[in-house]
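K.L.:
A predicted structure for the sequence below; I have some questions about it.
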Amino acid sequence: MPETQRRVLIALDETGSGKQVLDWVHSHHILAPEDEITVATAVDEDVSHVEGPGMQSAPMSSTTNATEDFATDLRMLERHGKQHLSSGIQTLQQLGYHNAKPELLKGHPGRMITKYAKDQQVDLVVCGRRHNRGVLKRSLMGSVSEYLVHHLDCPILVVQ
């Protein structure tokens with residue numbers, strides 16, 4: 001019987017928990033060597049706030065040239081996103097999964113991951129869940145994992 005290739009989307013955020021998600025997925029035998037794996041991260045083009053490791057919602061610079069600041073901030077976010085994806089792909093390769101590709105999405109993470117998953121007819125979405133968000137911040141900004149659960153029809157694995 002021929003093995004079935006699944007399309008698996010692993011959505012990583014900027015918190016650095018991606019390696020934990022990848023290690024968990026590997027140790028629980030979620031992925032198969034023949035799976036078509038996409039590792040994705042979304043860069044929110046609304047850089048009126050920038051969050052990342054070691055940053056607590058730093059406001060965008062307020063200088064006279066806001067357009068230049070926006071472009072600089074966006075380039076920084078894209079560079080960080082590409083580095084994050086590269087690290088995820090490298091981790092998967094070290095774990096023995098060589099059929100993985102990176103995908104840098106631009107826009108609201110929940111909406112862009114949902115759109116990509118639907119457009120690519122993904123069979124499984126894997127994502128992490130942040131633990132360090134307070135109730136107020138989570139209720140104001142929402143949770144990407146909650147968004148995915150409510151907007152996708154395919155199976156979703158949320159690693160905590």
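P.N.:
On my side now, so go ahead.

K.L.:
check this structure for its longest helix and report it.
P.N.:
Under DSSP state H, the helix in the chain containing the largest number of residues is helix 66-94.

K.L.:
what mean pLDDT does it have?
P.N.:
Confidence for helix 66-94, expressed as mean pLDDT, is 84.

K.L.:
in it, what's buried?
P.N.:
Neighbour counts over helix 66-94 (16 or more other Cβ atoms under 10 Å) mark 70, 73-74, 77, 80-81, 84-85, 87-89, 91-92 as buried. Glycine gets a C-beta too; all of them are placed from N, C-alpha and C.

K.L.:
JSON lines for those, including distance to Gly18?
P.N.:
Rendered in JSON lines, the data for those read as follows (distance: Cβ to Cβ, whole Å):
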{"residue": "Phe70", "distance to Gly18": "26"}
{"residue": "Asp73", "distance to Gly18": "22"}
{"residue": "Leu74", "distance to Gly18": "21"}
{"residue": "Leu77", "distance to Gly18": "16"}
{"residue": "His80", "distance to Gly18": "12"}
{"residue": "Gly81", "distance to Gly18": "11"}
{"residue": "His84", "distance to Gly18": "7"}
{"residue": "Leu85", "distance to Gly18": "9"}
{"residue": "Ser87", "distance to Gly18": "7"}
{"residue": "Gly88", "distance to Gly18": "5"}
{"residue": "Ile89", "distance to Gly18": "11"}
{"residue": "Thr91", "distance to Gly18": "8"}
{"residue": "Leu92", "distance to Gly18": "10"}
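
K.L.:
and of these, the nearest to Leu104?
P.N.:
Distance ranking of the buried residues of helix 66-94 against Leu104, using Cβ to Cβ, places Gly81 first at 5.2 Å.

K.L.:
from memory the closest one sits against Thr41, does it?
P.N.:
Yes. Contact status for Gly81 versus Thr41: in contact at 5.0 Å, counting by Cβ atoms under 8 Å.

K.L.:
give me the common contacts of the two.
P.N.:
Jointly contacting Gly81 and Thr41 under the rule Cβ atoms under 8 Å, 6 or more residues apart in numbering are 14, 104.

K.L.:
next up, the contacts around Trp24.
P.N.:
Under the criterion of Cβ under 8 Å, 6+ apart, the contact list for Trp24 reads Val159.

K.L.:
hey, C-alpha coordinates of the host helix or strand of it in CSV?
P.N.:
Under DSSP states H and E, the secondary-structure element containing Trp24 is helix 18-27. Output for helix 18-27, consisting of C-alpha atoms alone and laid out as CSV, is shown next (Å, rounded to 0.1, in the frame of the first residue of the first chain):
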residue,chain,number,x,y,z
GLY,A,18,9.2,27.1,18.0
LYS,A,19,11.9,24.6,18.8
GLN,A,20,9.8,23.2,21.6
VAL,A,21,6.9,22.8,19.2
LEU,A,22,9.1,21.0,16.7
ASP,A,23,10.7,18.8,19.3
TRP,A,24,7.2,17.9,20.7
VAL,A,25,5.8,17.1,17.2
HIS,A,26,8.8,14.9,16.5
SER,A,27,8.9,13.1,19.9
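
K.L.:
thank you kindly, that will do.
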